[in-house]
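A.B. asks: Okay, sequence plus prediction incoming.
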Amino acid sequence: DIQMTQSPSSLSASVGDRVTITCRASDNIGTYLNWYQQKPGKGPKALIYAASSLESGVPSRFNGGGSGTYFTLTINNLQREDLATYYCQQSKRTPYTFGQGTKLEIK
Amino acid sequence: EVQLLESGGGLVQPGGSLRLSCATSGFTFSSYEMNWVRQAPGKGLEWIAYISPGGTTIYNADSVKGRFIISRDNANNIVYLQMNSLGAEDTAVYYCGRDRGSGYKPIDSGFDYWGQGTLVTVSS
């Protein structure tokens, strides 16, 4: 199975900050990498697919990058509504494994 | 508008069974791959099952292999998860997720829509 490792597991930032979350795959997954946002008490929401493609309706302050085994999710100009847990997921092959999640808190 | 709505969760005793449903609307259901993902209380997301558009190809996570069965009814736009031999470790919120596409290219993979989830609690 492909293992996905996210860091940090949690972070706290202020409105207007830029934050970066990293995700590492245990095997080369090309750009079969997706990011999801899960707000408290809600189901996940798609943010980015194919490593860097923005889902329709997602604000442009969200950016994804990387390929192979190293990926990043950057949130520019952090907003209060970005309070959530963020997950990466590889969709190269089953089992479609997720990272353990990064809980983002707003100071 | 694409919608996915899970139902069928509840309290079940260890060793029992439960069938979850995910009713869909707003898209051509028979053209899309579907998945089930679960989330134990306070934990992360775990993919558990996949089914191809025609229902002929199925994949399961090792954690549920031989106990859970994914199926679909393309006439009524529903995907199911039959869960048998349930244990405490199966307690979780269960989500269905629509696969973006065929998966042959990165832009055609990943889950683009999710339901709101249904809670399954396994306890005596």
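C.D. replies: Cool, got the structure.
A.B. asks: Would you mind stating the distance between the residue nearest to the spatial centre of chain A and residue A:54?
C.D. replies: Centroid-nearest residue in chain A, with CA atoms, centre = their mean: residue A:35, separated by 3.9 Å. Separation of residue A:35 from residue A:54 (CB to CB, to the nearest Å): 10 Å. For every residue, glycine as well, the C-beta is placed using N, CA and C.
A.B. asks: Now do the shared contacts for these two.
C.D. replies: Among the neighbours of residue A:35, those also in contact with residue A:54 (CB atoms under 8 Å, 6 or more residues apart in numbering or on different chains) are A:47-48, A:62, A:64.
A.B. asks: TSV please, covering those residues and showing neighbour count, pLDDT and secondary structure.
C.D. replies: TSV is the format used below for the shared contacts of residue A:35 and residue A:54 (neighbours: other CB atoms under 10 Å in any protein chain shown; pLDDT from 0 to 100; DSSP: H, G, I helix; E, B strand; the rest coil):
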residue	neighbour count	pLDDT	secondary structure
A:47	21	98	strand
A:48	24	98	strand
A:62	18	98	strand
A:64	23	98	strand
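A.B. asks: From the residues you listed, pick the one nearest chain B.
C.D. replies: Nearest to chain B out of those is residue A:48 (CB to the nearest CB; 8.7 Å).
A.B. asks: Of the shared contacts of residue A:35 and residue A:54, which ones also sit close to chain B?
C.D. replies: Among those, none lies close to chain B by the criterion of CB under 8 Å from any CB of the partner chain.
A.B. asks: Take those and write them to CSV, including distance to residue A:24.
C.D. replies: Putting the shared contacts of residue A:35 and residue A:54 into CSV (distance: CB to CB, whole Å) gives the following:
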residue, distance to residue A:24
A:47, 18
A:48, 16
A:62, 20
A:64, 14
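A.B. asks: just checking, residue A:84 touches residue A:106?
C.D. replies: No - using CB atoms under 8 Å, residue A:84 makes no contact with residue A:106, being 9.9 Å away.
A.B. asks: quick one: which of the two has more around it?
C.D. replies: Neighbour comparison, residue A:84 and residue A:106: the larger count goes to residue A:84, with 22 against 15 (by other CB atoms under 10 Å in any protein chain shown).
A.B. asks: how about that one, phi and psi?
C.D. replies: Dihedral pair for residue A:84: phi -180, psi 180, per degrees, to the nearest 10.
A.B. asks: cool, and residue A:98?
C.D. replies: The phi and psi values for residue A:98, taken as degrees, to the nearest 10, are phi -110, psi 150.
A.B. asks: Would you mind measuring from it to chain B?
C.D. replies: 4 Å (CB to the nearest CB, to the nearest Å).
A.B. asks: neighbouring strands for the strand or helix carrying residue B:36, and are they parallel or not?
C.D. replies: Using DSSP states H and E, residue B:36 sits in strand B:34-39. Sheet pairing of strand B:34-39 (DSSP bridges) gives strand B:45-51 (antiparallel), strand B:92-99 (antiparallel).
A.B. asks: mind giving me JSON lines with the ones you listed and columns for mean pLDDT and mean neighbour count?
C.D. replies: Listed next are the strands paired with strand B:34-39 as JSON lines, based on pLDDT from 0 to 100; neighbours: other CB atoms under 10 Å in any protein chain shown:
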{"stretch": "strand B:45-51", "mean pLDDT": "98", "mean neighbour count": "24"}
{"stretch": "strand B:92-99", "mean pLDDT": "98", "mean neighbour count": "25"}
